[in-house]
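# Coordinates only, no sequence provided:
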């Protein structure tokens, strides 16, 4: 009996420590990586948006992938700001943007992005998306075509995939296991992130300062990790619903993929888009992985210029 009470007391103390540590981690992470943009309301959500470049310049909207935030695209945004009006958002649930029930669905994410564009940009934008953000960009082009001049889809995730989701998404998204699992992530995630970052950049070496510069630590806040898990868990059904409609997208698109991407299958997603989109060019980067916007920014900048050229040529016909 004494042993049972001792075990129970130790377990309760451990759980209490996890929750107190998680709360402390959130405060430390947000002090270390504070907001760097401004806040607007978009479709009833508080949205954190980073803006670069001059008003009236051709607009670019950047949509990051899972486990990321607006800082993921900041180096590219800075480089493009001389000639563009660059808008980089924390998608709902990520960074400093709010989340509500149902907002993890791709259609809802696209709706939020549409409201942001309508309130800030005075013209349609070229939408530049990475990984899971590509599903949102594609849905934006489907549901709000008047807002999209073209698409640049980097290492895109876009089609229904075989098998289930990663084990961590099930634990983090579940209403029963999530409240305990997500504080555990806050405790162990930062130390375990080096391997995940290396896998994402493979075969290129990950930049030494990437964790700090991209504010990766914001991902391990329990609410942010839960939002990401719920979004990832919803993608298989969401992709199945929208993929048959990709042929309806009229905007020009360029798909950029690395041929050794370990995170998203180029064969299933990038080549699937090259097959399904009406106006599309596929760029395959030899020896590149899941992060071409970081390892081959020249290819992304070239693709943006190419999409702008195609769209401009259409407008004079």
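Thanks, I have it. These figures come from a predicted structure and were not determined experimentally.
# Residues in contact with whichever strand or helix holds residue 134: which ones?
Assigned by DSSP states H and E, residue 134 belongs to helix 133-143. Outside helix 133-143, the residues that touch it by CB atoms under 8 Å, 6 or more residues apart in numbering are 63-65, 91, 106-107, 109-111, 113-114, 127-129, 147-148, 151, 153-158, 235, 238-239, 242, 245-246, 248-249, 251, 269. No exception for glycine: its C-beta is placed from N, CA and C like everyone else's.
# Swap in 7 Å and give it another go.
63-65, 91, 106-107, 109-110, 113-114, 127, 129, 147-148, 151, 153, 156-158, 235, 238-239, 242, 245-246, 248-249, 251 (CB atoms under 7 Å, 6 or more residues apart in numbering).
# Among these, name the buried ones.
63-65, 91, 106-107, 109-110, 113-114, 127, 129, 147-148, 151, 153, 156-158, 235, 238-239, 242, 246, 249, 251 (16 or more other CB atoms under 10 Å).
# Please narrow those to those residing in helices.
Judged by DSSP state H, helices contain the following of the buried ones among the contacts of helix 133-143: 106-107, 109-110, 113-114, 235, 238-239, 242.
# Same list, the residues you listed, but as CSV with pLDDT and distance to residue 21 please.
CSV is the format used below for those (pLDDT from 0 to 100; distance: CB to CB, whole Å):
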residue, pLDDT, distance to residue 21
106, 94, 33
107, 93, 36
109, 94, 30
110, 96, 36
113, 96, 34
114, 96, 38
235, 91, 30
238, 93, 33
239, 95, 36
242, 96, 39
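# Among the residues you listed, which one lies nearest to residue 282?
residue 239 (18.6 Å; CB to CB).
# Next one, pLDDT for the closest residue in space to the closest one that isn't next to it in sequence please.
Nearest residue to residue 239, sequence neighbours excluded (CB to CB, 6 or more residues apart in numbering): residue 160, at 4.6 Å. Note for residue 160: predicted pLDDT of 94.
# Ok, the one 5 residues further on next?
Per-residue pLDDT puts residue 165 at 82.
# Can you tell me the SS state at residue 35?
Following DSSP: H, G, I helix; E, B strand; the rest coil, residue 35 is assigned to coil.
# where's the residue nearest to it when sequence neighbours are not counted relative to residue 223, distance?
Spatial nearest neighbour of residue 35, chain neighbours left out: residue 96 (4.8 Å); criterion: CB to CB, 6+ apart. Distance, residue 96 to residue 223, using CB to CB, to the nearest Å: 11 Å.
# Quick one: residues contacting residue 106.
By CB under 7 Å, 6+ apart, residue 106 lies in contact with 135-136, 139, 238, 242.
# redo that, cut-off 6 Å
Residue 106 sits next to 135-136, 139, 238 when contact means CB atoms under 6 Å, 6 or more residues apart in numbering.
# ok, back up a step: Serialize the ones in helices among the buried ones among the contacts of helix 133-143 to JSON lines and add fields for distance to residue 79.
Shown next, in JSON lines, are those (distance: CB to CB, whole Å):
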{"residue": "106", "distance to residue 79": "28"}
{"residue": "107", "distance to residue 79": "31"}
{"residue": "109", "distance to residue 79": "26"}
{"residue": "110", "distance to residue 79": "26"}
{"residue": "113", "distance to residue 79": "22"}
{"residue": "114", "distance to residue 79": "26"}
{"residue": "235", "distance to residue 79": "30"}
{"residue": "238", "distance to residue 79": "32"}
{"residue": "239", "distance to residue 79": "31"}
{"residue": "242", "distance to residue 79": "31"}
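# Quick check: residue 225 touching residue 185?
Yes - look at residue 225 against residue 185 with CB atoms under 6 Å: they come within range, at 5.1 Å.
# Could you report the neighbour count for residue 202?
For residue 202, the neighbour count with other CB atoms under 10 Å is 18.
# Which residue, other than its chain neighbours, is closest to it?
Spatial nearest neighbour of residue 202, chain neighbours left out: residue 289 (4.8 Å); criterion: CB to CB, 6+ apart.
# I'd guessed that neighbour sits against residue 259; true?
No - the criterion here is CB under 6 Å, and residue 289 misses it with residue 259 at 9.0 Å.
# Counting neighbours around each, name which of the two comes out higher.
residue 289 (23 against 13).
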